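*Asks:* Coordinates only, no sequence provided:
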């Protein structure tokens, strides 16, 4: 249908969408871009910040550290994620579905809670460290780059797993059969046919892990200690900036932004090339191996999932364990931490729920409108819209937080220091999930059903409400749930944007970990974990969907 | 409702899709827009429905200009190629959709829906959802939904293209039956010439956004205007001839290839190079010893395809030309083998002079 002619409502909406995107996404980034080139004293053009960055090893080391841990984490995530994916899609293992489901969980569980758990296990006074110490063994420390790499690897390998296994499952069995019929051995068929077909997915997964690692803030700030990375340093500059140097925070943000942006562009380029056109897939039969190999593979897969999820179990246990500051009395049950959380300091929990709900509600409407425009309108406008809405995915949370805080700190609209800026940040950062789920569904809807409704006498906009909206409901709900849970778990932009009364659960957890108050921290973390898992469970049961719809 | 299109033009960007089409459709007729894919037939239908605005030209319903009437007020019932049934509504609600928006009373809705569903033989399936229906049933729901509010015009966009061959034939008969009974003016879009011939009162042949010919199926088949029509509506052998003489309605012409001379009838004087179309079944295979008609020549069988009711031969003749010849009733007359010589002939009345 010719939208331009008959849908003036949509034209107005389109303009509004662009205004929102400009002020929420583009303008703040341009603002810190400009700030990074400005002398904070005089306001004149200056390259000082960038010169400082490249002159002092202190700053350059941050960049090197970021790249170093991200590269290592990516490598390890591939090393464990690829076999994990192959084993689970090709071999018959007991409890396979459970392993698969649990194997995707780490990617929704907040990384900084993972870091907290590892501190409780291997940190100073950690459970494992103490236990080993009793036997005269020295446990490896969790602090520094090794700990960061460990947490990243365990939490991000599911991305490699998901991407590789979907690529593996998209390979028609006839391809490997064709290779063997042409005389290739099984092994040769694997290396000449299967692996090349999966390579784009592997690279794609690697880029995602690299991106997430370089963008992460919670893990390095909690266990990095002297090992500074870019995201942490940008935050530090910003915090001390309140009286000092917005230019330096801006410059660091810009350097981090160009890295994440580059990764996103390369990733997008890869995903667009990655689909080898494969039609009518008949999946390769699942093989049943003899006992020993099955046992070995099972131990690998189940063990990996256990190691990845065990820390979160520790957190939940700790939430019910008597504690005195950082000293945990394991085995001594208590509900004190929860009672304290719910009675003395319930505000962060309520804040989190309120902010996430507000951002999600706005996101639902915005996401629906944008997906409709993206799918139904072709051409430049749609392309620009696509880039602008997906841009926040390429911006580190810390950077986005700093950009918004600096931009709306003064001037006509002052948002910094209000709850509204948190809602704005959450909404703009998480709305891509909503857009992805709804537009995926919209793509599958026959365009003609809208025309049919109009033809039967219902005006265009009402037709949209009557026939498109109901059909898209499952996608909208899925998108909303994913937005809500990821917002709830958001730390990096919150830590920059919140102020006193609007501290969220994530901020509360973060601060209590920092002050070694592990009991209450774990109680809040448990509330957070449960609040994230329950909606996902509903999503899974009700709609038969999972997180992968939004990836 | 009588429909008229006057000099309709439509481009999408730099692509001209409809290039000056004018036609008139009589009240109660089933009018078919026939053409290959990309010829603009669906665009033309959507212009009538109001989904596309023409860049130039006028759309008239019953003599009234409707260019400015938005699609939801045109009172046309459309059946989409994909059926476009609302997946979240039952058969009953799909069909009732157009009535509800017209604020029909509950009683009326029940009555009309029951009536139309009976008409398309779907009674009893009211509570099903589209996903629970077969392709043919979905097609009937789409038809019922388009008919139930008594539209002024019925528009059908390749309604049978998603059905299997057998079902296509029975559905087209049913569509014709329902259309005749209701006497509703219908515009039918298809790329299937056989379908067009079977159901249409009149056919418009479109190619590259232009009208090639309008007429009854009979007229078009018997007298295609040009090479495109001759080959699109049925198949044709096209011969290049040079006229060497004309006298009293009969022309003598020499084939461009070979030195065969043909005699043909023509109401108007002919001269110079001409094109003629010869349907495969207009050429006869002459049995041995039979008396030759005015035009007779010989050739060699290159291929013989038995398709049941007839045999389709490829015959090399007239120098190096390959002609297609359909021979009826192979069980009585036998099948010639490849490489066999063959005698062919046709009457002077048969060839149709066409434009290039």
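*Replies:* Looks like it came in fine. Predicted model only: the values in this text are computed from it and were never measured. Numbers count the residues shown, from 1 in each chain, chains lettered A, B, ... in the order given.

*Asks:* what's around the closest residue to residue B:142 other than its chain neighbours, how many residues?
*Replies:* In space, and not counting its chain neighbours, residue B:142 is closest to residue B:83: 4.3 Å by Cβ to Cβ, 6 or more residues apart in numbering or on different chains. All C-beta spots, glycine's among them, are computed from the backbone N, C-alpha and C. Residues lying near residue B:83 (other Cβ atoms under 10 Å in any protein chain shown) number 24.

*Asks:* Next: residue B:91.
*Replies:* Neighbours around residue B:91, by other Cβ under 10 Å: 26.

*Asks:* Repeat that for the one 5 residues further on.
*Replies:* Residue B:96 has 23 neighbours, counted by other Cβ under 10 Å.

*Asks:* Helix or strand: which one has it?
*Replies:* helix B:91-100 (DSSP states H and E).

*Asks:* hmm, who's touching the helix or strand of chain B with the lowest mean pLDDT?
*Replies:* When the helices and strands of chain B are scored by mean pLDDT, DSSP states H and E, helix B:330-333 comes last with a mean of 80. With contact meaning Cβ atoms under 8 Å, 6 or more residues apart in numbering or on different chains, helix B:330-333 is reached by B:285, B:287, B:306, B:310-311, B:327.

*Asks:* For ChimeraX, write a command that selects the buried ones of the residues you listed.
*Replies:* One line in ChimeraX is enough to select the buried members of the contacts of helix B:330-333, burial here meaning 16 or more other Cβ atoms under 10 Å in any protein chain shown:
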select /B:285,310,311,327
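
*Asks:* Looking at the contacts of helix B:330-333, which gets the smallest pLDDT?
*Replies:* Within the contacts of helix B:330-333, residue B:287 has the lowest pLDDT, namely 84.

*Asks:* so is it in a helix, a strand, or just coil?
*Replies:* coil (DSSP: H, G, I helix; E, B strand; the rest coil).

*Asks:* residue contacts, it?
*Replies:* With Cβ under 8 Å, 6+ apart, residue B:287 has these contacts: residue B:333.

*Asks:* and the gap between residue A:166 and chain B?
*Replies:* 25 Å (Cβ to the nearest Cβ, to the nearest Å).

*Asks:* which one is that residue nearest to, not counting chain neighbours?
*Replies:* Excluding the flanking residues, the one nearest residue A:166 by Cβ to Cβ, 6+ apart is residue A:201, at 7.1 Å.

*Asks:* element containing that neighbour, please.
*Replies:* Applying DSSP H and E, one finds residue A:201 within helix A:195-215.

*Asks:* so what's the residue in the stretch 101-250 of chain B that chain A sits nearest to scoring on pLDDT?
*Replies:* In the stretch 101-250 of chain B, the residue that lies nearest chain A is residue B:101 (4.6 Å; Cβ to the nearest Cβ). Here, the pLDDT recorded for residue B:101 equals 88.

*Asks:* related to what we said a few turns ago, ok, then the element right after the helix holding residue B:96?
*Replies:* Per DSSP H and E, the helix or strand that comes after helix B:91-100 is helix B:106-119.

*Asks:* Determine the set of other helices and strands touching that following helix.
*Replies:* helix B:91-100, helix B:135-147 (3 or more Cβ pairs under 8 Å, 6 or more residues apart in numbering or on different chains; DSSP states H and E).

*Asks:* Tell me which stretches of the stretch 201-350 of chain A form helices.
*Replies:* A:218-223, A:230-241, A:246-274, A:291-319, A:336-339, A:347-376 (DSSP state H, counting those that start in this stretch).

*Asks:* To clarify, my last question referred to the stretch 101-250 of chain B.
*Replies:* Using DSSP H, counting those that start in this stretch, helices in the stretch 101-250 of chain B cover B:106-119, B:135-147, B:165-182, B:193-199, B:217-222, B:227-232.

*Asks:* now these as JSON lines including distance to residue B:262 and mean neighbour count?
*Replies:* Output for these, formatted as JSON lines (distance: least, Cβ to Cβ, whole Å; neighbours: other Cβ atoms under 10 Å in any protein chain shown):
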{"stretch": "helix B:106-119", "distance to residue B:262": "53", "mean neighbour count": "16"}
{"stretch": "helix B:135-147", "distance to residue B:262": "47", "mean neighbour count": "23"}
{"stretch": "helix B:165-182", "distance to residue B:262": "38", "mean neighbour count": "15"}
{"stretch": "helix B:193-199", "distance to residue B:262": "27", "mean neighbour count": "20"}
{"stretch": "helix B:217-222", "distance to residue B:262": "19", "mean neighbour count": "17"}
{"stretch": "helix B:227-232", "distance to residue B:262": "17", "mean neighbour count": "21"}
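
*Asks:* possible to save the helices and strands packed on helix B:106-119 as CSV with distance to residue A:408?
*Replies:* Shown next, in CSV, are the helices and strands packed on helix B:106-119 (distance: least, Cβ to Cβ, whole Å):
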stretch, distance to residue A:408
helix B:91-100, 47
helix B:135-147, 52
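
*Asks:* all strands for chain A, in order.
*Replies:* A:321-324, A:327-333 (DSSP state E).

*Asks:* What is the neighbour count of residue A:417?
*Replies:* Residue A:417 has 15 nearby residues by other Cβ under 10 Å.

*Asks:* Oh, that last question was meant for residue B:282, not what I typed.
*Replies:* 17.

*Asks:* confidence score at the closest residue to residue B:168 other than its chain neighbours?
*Replies:* Excluding the flanking residues, the one nearest residue B:168 by Cβ to Cβ, 6+ apart is residue B:160, at 4.6 Å. The per-residue pLDDT reported for residue B:160 equals 90.

*Asks:* what sits against residue B:160?
*Replies:* Per Cβ under 8 Å, 6+ apart, neighbours of residue B:160: B:139, B:167-168, B:171-172, B:190, B:192, B:195.

*Asks:* Kindly report the residues of the stretch 151-300 of chain B close to chain A.
*Replies:* residue B:155 (Cβ under 8 Å from any Cβ of the partner chain).

*Asks:* Please consider this matter closed, and thank you.
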